[in-house]
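Trainee: For reference, the sequence and a predicted model appear below.
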Amino acid sequence: MTSTVSLSLRAYRPHPGADLVRVGNRYDGGYVLPLAAIRATQCVLSLGVEADWSFEEGMLNLNPALSLTCVDGTTGAEVIRARVRRELWRAVFRLRGGKVLRMLKLLNRHREFEAFFERHDFQKLMVAGAPGPGLATVDELLERVRGGDPQRWVLLKMDIEGTEYEVLPAVAERLQRVSALAIEFHQLDRNWARFEAIMAALAPTFYVAHLHGNNNDPYVRGTRVPLTVEITLVNRALVDPLPAPATASYPLPGLDAPNQPRRPDMALDFS
């Protein structure tokens, strides 16, 4: 496990600009992005959906001309229906009235999934660093969403539960026409050196526009670095001049919200 002595967010202080907006759910599933990057985007490639496509709906509301491709080998209408029913019966058995009500509201979620992806592209594939049966690489998916036009601007959202450390090093130098990256980095206690290497590889093309700690997990023991962070990176080619570094305290009121609403949000230290 990585020594926690060297863990610091100092190098990742955001340059927020004035046009940040929250896209997607108020709580888990929402990301903070600059409007300039959203407006420049022509395609959204969303890696990791599960049962929440509020981010994708929000992107389409802000830029209706977008094409959308979502990729997730772990979900689908039948998977969502089975999960909701399973959680509903668990809540009933344990006499958890609040969760019963939440699950009852989701009983038609699988039909909503089907209706949404009748209009948009969904690929039941796992994202991986190398091609194979049931797998897709980021390079393959970028080619798919661009439809043969390498100049199309793609916004890439990535929440793939740790596989980001496998796939990002392979493509970091080929993302020049990616408008923004909204990435969730997991298990920073074990992956700090890999995280730093990925961020260094992305730095010539992207700057940090936003950073938020996911309070579903704690801080890395002995530090003020969240175990899981959500980072928005924006292509430098879309912004001139670079926004000034943040002076406000994070999380940002009105934009950030705790992923788990029953717990306090995570204060970030960039000193």
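Mentor: Yep, that arrived.
Trainee: can you map out the strands along the protein?
Mentor: Under the criterion DSSP state E, the chain contains strands at 20-23, 31-34, 43-47, 67-71, 121-123, 126-127, 135-136, 154-158, 178-185, 206-213, 229-235.
Trainee: what's the offset of the first one from the middle of its chain?
Mentor: Yep, that's strand 20-23 we're talking about. What separates the centre of strand 20-23 from the centre of its chain is 13 Å, taken as Cα atoms, centre = their mean, to the nearest Å.
Trainee: For the top helix by length along the chain, C-alpha coordinates in CSV please.
Mentor: The helix spanning the most residues in the chain, taking DSSP state H as the definition, is helix 77-93. These are the backbone C-alpha positions of helix 77-93, laid out as CSV (Å, rounded to 0.1, in the frame of the first residue of the first chain):
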residue,chain,number,x,y,z
ALA,A,77,-33.1,-3.4,-18.1
GLU,A,78,-33.3,-7.0,-16.6
VAL,A,79,-30.4,-6.4,-14.3
ILE,A,80,-32.0,-3.2,-13.0
ARG,A,81,-35.4,-4.9,-12.4
ALA,A,82,-33.8,-7.8,-10.6
ARG,A,83,-31.7,-5.5,-8.4
VAL,A,84,-34.7,-3.3,-7.4
ARG,A,85,-36.9,-6.3,-6.5
ARG,A,86,-34.1,-7.9,-4.5
GLU,A,87,-33.5,-4.7,-2.5
LEU,A,88,-37.2,-4.2,-2.1
TRP,A,89,-37.7,-7.6,-0.5
ARG,A,90,-34.6,-7.1,1.7
ALA,A,91,-36.0,-3.8,3.0
VAL,A,92,-39.4,-5.4,3.7
PHE,A,93,-37.8,-8.3,5.5
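Trainee: Off-centre distance for it?
Mentor: So, by Cα atoms, centre = their mean, the centroid of helix 77-93 is 25 Å from its chain's centroid.
Trainee: now stretch 228-247
Mentor: In terms of Cα atoms, centre = their mean, the centre of stretch 228-247 is found 15 Å from the chain centre.
Trainee: Pull out the buried residues from that stretch.
Mentor: 228-235, 238-239, 243, 246 (16 or more other Cβ atoms under 10 Å). For every residue, glycine as well, the C-beta is placed using N, CA and C.
Trainee: if we can go back for a sec, closest to residue 268 out of the strands of the chain?
Mentor: strand 206-213 (6.0 Å; Cβ to Cβ).
Trainee: from the buried residues of stretch 228-247, which single one is nearest residue 108?
Mentor: For these, the minimum distance to residue 108 (Cβ to Cβ) is 28.5 Å, reached by residue 230.
Trainee: Look at that closest one and report its pLDDT.
Mentor: On the pLDDT scale, residue 230 is placed at 98.
Trainee: what residues are up against the closest residue to residue 174 other than its chain neighbours?
Mentor: The spatial neighbour of residue 174 that comes closest, neighbours along the chain excluded (Cβ to Cβ, 6 or more residues apart in numbering), is residue 139 at 7.0 Å. By Cβ atoms under 8 Å, 6 or more residues apart in numbering, residue 139 lies in contact with 170-171, 174.
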